[in-house]
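Asks: Structure, please.
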Amino acid sequence: MQWDTATRYKLLLRINNDIVSASSRHDVFSVIAQSLEDIFRFDRLSINLFDEKTNSLSYFAAAEGISPTEISEDARPLAKGAIASAVIRSREPFILSDLSTHTYWQSVNAMKEAGLNATMAFPLIVRDKVKGTLHLSYAKAPEHLEEMIEFLSEVSSRIAIAVDHMMTHTRLKHINAQLRRQKEFLTSQTIISEDFGEFIYESQVMARVVREAKMVANEDVSVSITGETGTGKDLIAQFIHQMSNRKDALFVKVNCPSLNSSLFESELFGHAKGSFTGAHTNRVGRFEMADKGTIFLDEIGELDINLQSKLLQVLQDRTIERVGESRPKTIDFRLLSATNKDLEQAMQNTSFRSDLYYRLNTVTIKVPPLRERLEDIPVLMEKLAARHSAERNLPPPVFSESCRKVMLQYPWPGNVRELKNVIKRLIILRPGETITGNEMDTQLTGIRTSTRRKHMTLKELERQHIVSILKDKGGVVGGANGAAALLGVPRQTLQYRMRKYGISVNKLETLSV
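Replies: Reported below is the predicted structural model:
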């Protein structure tokens with residue numbers, strides 16, 4: 001058998017032309033397999049990819065032809081592929097016209113048992129780097145070996161370029177898809193809050209919190225941030241991330257109350273295309289997004305007890321598996337969490353796992369409620385009014401002395417979040433006007449000095465505040481103008497608290513404020 005110049009040219013041209021229209025690794029491999037099979041009549045064809053970083057091999061696509069049962073389709077160490085290893089080391093073709101002389105190699109023995117008796121392998125070199133290997137195997141050793149080797153050496157250089165281009169295309173496609181998902185995620189979720197610049201304080205108790213946050217920032221330990229709703233636990237988490245060595249990677253917030261059993265794994269770990277109805281594309285989960293960065297589990301105390309074991313497994317192993325895949329992926333992340341619940345009490349009543357508690361709780365930072373940092377209220381009032389009025393191009397309201405006294409007397413059940421929302425309302429409704437004590441009293445949902453109000457529990461105050469906001473919004477929970485937006489919490493969190501306090505939008509008129 002001889003291959004003249006015209007035959008060689010036609011084969012190379014065919015490969016080049018057909019590969020141009022190929023849109024996937026499988027398509028590229030099919031083009032190569034069909035083109036080579038017409039001329040070289042192989043019994044098995046495979047293309048290995050070489051990962052220099054991990055010193056491992058993987059298939060470019062499923063092999064064509066005879067498939068020895070002992071040869072894994074999964075990624076494997078280079079040492080497991082004796083022939084590929086020899087080619088990669090030498091950067092030269094490797095020919096075995098009689099496999100029986102090398103059956104001490106496991107892969108060769110597997111090929112022999114499958115009925116193959118000869119093989120040849122060629123390096124795929126691009127820009128002076130070995131990208132992989134091309135393998136053709138036969139049940140019967142072919143004739144004209146020398147001529148085949150010469151021709152296939154030429155062909156392999158073209159195949160190397162095609163494989164490299166497809167891998168680059170696949171990589172860029174994956175990166176673009178990941179960036180698109182991250183953009184969607186960043187758009188729909190406040191990753192680094194717009195309020196990060198509102199980390200405002202003058203009190204010693206908040207100075208202590210900031211000092212503790214700075215101390216743990218670069219220690220890469222798990223940090224549990226505790227405190228009442230609206231105290232700014234998420235700002236502390238963002239502050240720790242921004243002060244850490246991971247600041248250039250993503251800070252990914254997970255709203256635990258919104259997770260349910262059907263969404264938990266897909267949301268946190270991601271899913272493969274086709275893994276369930278509606279999974280039309282691969283999806284990167286929150287943990288994978290947080291690789292090299294920080295994951296923040298907000299309101300961790302609200303996570304269902306049945307889901308806590310799945311979360312614990314990931315925190316222990318630092319690996320995830322996407323839904324629909326069986327390959328574990330190692331993730332490098334910093335863990336921060338926040339809760340307004342007493343987790344020690346939750347452990348005692350078995351609503352929170354003790355092993356998860358200790359995994360989260362290497363360091364605890366307690367954020368004080370606003371009523372315990374009264375000296376911060378005046379500066380918060382001025383700074384928040386200045387910032388949010390500038391955003392709306394409106395003059396800030398002026399706070400009278402009587403107004404300030406009312407604000408200092410108010411218990412602020414919603415803490416800084418509630419203060420910010422009150423000020424936003426004033427900017428919109430009373431821009432540039434002087435706010436008296438009586439007017440502020442009205443804004444603070446009718447606070448009175450009655451004994452009943454003075455001795456309400458925090459839960460009662462929070463429930464009353466939610467009812468008041470819902471009434472102001474006509475029972476609208478979600479959306480840009482809904483109660484959740486005004487309260488500064490995700491819609492799912494507000495719905496959870498409404499269920500918790502027995503608040504129904506259909507019965508708002510019957511509820512007292």
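
Asks: tell me the contacts of the closest residue in space to residue 330 that isn't next to it in sequence?
Replies: Counting by CB to CB, 6 or more residues apart in numbering, residue 330 lies nearest to residue 319, which is 5.2 Å off, once chain neighbours are set aside. Using the backbone N, CA and C atoms, a C-beta is placed for each residue, glycine as well. Neighbour list for residue 319: 328, 329, 330, 331 [criterion: CB atoms under 8 Å, 6 or more residues apart in numbering].

Asks: Among those residues, which ones are in strands?
Replies: 329, 330 (DSSP state E).

Asks: any chance of the contacts of residue 319 in a markdown table, plus distance to residue 469 and neighbour count?
Replies: A markdown table is the format used below for these (distance: CB to CB, whole Å; neighbours: other CB atoms under 10 Å):
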| residue | distance to residue 469 | neighbour count |
| --- | --- | --- |
| 328 | 44 | 12 |
| 329 | 42 | 16 |
| 330 | 44 | 9 |
| 331 | 38 | 20 |
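
Asks: Now that we're looking at residue 3, what pLDDT does it have?
Replies: With respect to pLDDT, residue 3 scores 64.

Asks: repeat for residue 20
Replies: pLDDT, residue 20: 69.

Asks: Do I have it right that residue 303 meets residue 311?
Replies: Yes: between residue 303 and residue 311 there is a contact under CB atoms under 8 Å: 6.9 Å.

Asks: so how far is residue 55 from the closest residue to residue 138 other than its chain neighbours?
Replies: Using CB to CB, 6+ apart and skipping residues adjacent in sequence, the residue nearest residue 138 is residue 118, 4.5 Å away. For residue 118, the distance to residue 55 (CB to CB, to the nearest Å) stands at 28 Å.

Asks: The two: which is more packed in?
Replies: residue 118 (20 against 12; other CB atoms under 10 Å).

Asks: And the more buried one, how far from residue 271?
Replies: 43 Å.

Asks: now residue 437
Replies: 56 Å.

Asks: go on, residue 292?
Replies: Taking CB to CB, one finds residue 292 at 22 Å from residue 271.

Asks: do residue 43 as well
Replies: Relative to residue 271, residue 43 is positioned 38 Å away (CB to CB).

Asks: ok, now residue 358?
Replies: 30 Å.

Asks: what about those two, which has more around it?
Replies: Taking neighbours as other CB under 10 Å, residue 358 and residue 271 compare with residue 271 leading, 21 against 11.

Asks: hang on, the more buried one packs against residue 281?
Replies: No: using CB under 8 Å, residue 271 is not in contact with residue 281, being 9.2 Å away.

Asks: Can you list the low-confidence ranges for the protein?
Replies: Low-confidence segments of the chain (pLDDT under 70): 1-3, 20-21, 69-75, 178, 181-199, 274, 277-280, 445-458, 509-513.

Asks: State which helix of it is the longest.
Replies: Across the chain, the longest stretch assigned as helix under DSSP state H is helix 145-188.

Asks: which residues are contacting whatever helix or strand comes next after it?
Replies: Using DSSP states H and E, the helix or strand that follows helix 145-188 towards the C-terminus is helix 204-217. Contact with helix 204-217 is made by 199, 201, 223, 236, 239-240, 243-244, 363, 365-368, 372-373, 376, as judged by CB under 8 Å, 6+ apart.

Asks: Please apply the same query to stretch 381-392.
Replies: In contact with stretch 381-392 (CB under 8 Å, 6+ apart) are residues 197-198, 200, 395-397, 399, 404, 407, 419-420, 423-424, 426-428, 431.

Asks: rerun that using 10 Å as the cut-off
Replies: Residues outside stretch 381-392 that contact it (CB atoms under 10 Å, 6 or more residues apart in numbering) are 194-195, 197-198, 200, 394-399, 403-404, 407, 416, 419-424, 426-428, 431-432, 435.

Asks: Just the buried ones from these?
Replies: By neighbour count, with 16 or more other CB atoms under 10 Å, the contacts of stretch 381-392 hold 195, 198, 200, 396-397, 399, 403-404, 407, 416, 419-424, 426-427, 435 as buried.

Asks: Show me those that map onto helices.
Replies: Per DSSP H, the subset of those in helices is 403, 404, 407, 416, 419, 420, 421, 422, 423, 424, 426, 427.

Asks: Just send those back as TSV, with distance to residue 340 too.
Replies: Below are those laid out as TSV (distance: CB to CB, whole Å):
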residue	distance to residue 340
403	29
404	28
407	23
416	13
419	17
420	17
421	18
422	20
423	22
424	22
426	26
427	28
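
Asks: from those, which single one is nearest residue 260?
Replies: Distance to residue 260, by CB to CB, is smallest for residue 421 among those, at 28.1 Å.

Asks: Quick one: neighbours of residue 76, just the number.
Replies: For residue 76, the count of nearby residues is 17 (other CB under 10 Å).

Asks: what does residue 114 give?
Replies: 18.

Asks: tell me the SS of the residue nearest to it when sequence neighbours are not counted?
Replies: In this structure, residue 114 finds its nearest non-sequential neighbour in residue 68, 3.9 Å apart by CB to CB, 6+ apart. Of the three states, residue 68 takes coil under DSSP: H, G, I helix; E, B strand; the rest coil.

Asks: Distance-wise, check the residue nearest to residue 330 relative to residue 222.
Replies: Residue 319 is 17 Å from residue 222, by CB to CB.

Asks: before we move on, what about residue 328?
Replies: From residue 328 to residue 222 the distance is 21 Å (CB to CB).

Asks: picking that back up, could you single out the nearest of the contacts of helix 204-217 to residue 18?
Replies: residue 244 (50.2 Å).

Asks: wait, isn't that closest one in contact with residue 218?
Replies: Yes: taking contacts as CB atoms under 10 Å, residue 244 lies within contact range of residue 218: 5.5 Å.

Asks: Of those two, give the one with the bigger neighbour count.
Replies: When neighbours are counted by other CB under 10 Å, residue 244 and residue 218 differ, and residue 244 comes out ahead with 20 against 12.

Asks: For that one, give me its contacts.
Replies: By CB under 10 Å, 6+ apart, residue 244 lies in contact with 216, 217, 218, 219, 220, 251, 293, 294, 334, 336.

Asks: residue contacts, the third one?
Replies: With contact set as CB under 10 Å, 6+ apart, residue 218 has these partners: 240, 243, 244, 245, 246.

Asks: Recalculate using a threshold of 6 Å.
Replies: Going by CB atoms under 6 Å, 6 or more residues apart in numbering, residue 218 touches 244, 245.

Asks: For residue 355, give its distance to residue 313.
Replies: Counting by CB to CB, the gap from residue 355 to residue 313 is 11 Å.

Asks: same question, residue 434
Replies: On the measure of CB to CB, residue 434 and residue 313 end up 58 Å apart.

Asks: For the nearest residue to residue 148 once chain neighbours are set aside, the count of nearby residues, please.
Replies: Spatial nearest neighbour of residue 148, excluding adjacent residues (CB to CB, 6+ apart): residue 142 at 6.3 Å. By the criterion of other CB under 10 Å, residue 142 has 17 neighbours.

Asks: For residue 142, give its distance to residue 41.
Replies: On the measure of CB to CB, residue 142 and residue 41 end up 7 Å apart.

Asks: same check, this time on residue 112
Replies: From residue 112 to residue 41 the distance is 20 Å (CB to CB).

Asks: and if you look at residue 255?
Replies: In terms of CB to CB, residue 255 sits 60 Å off from residue 41.
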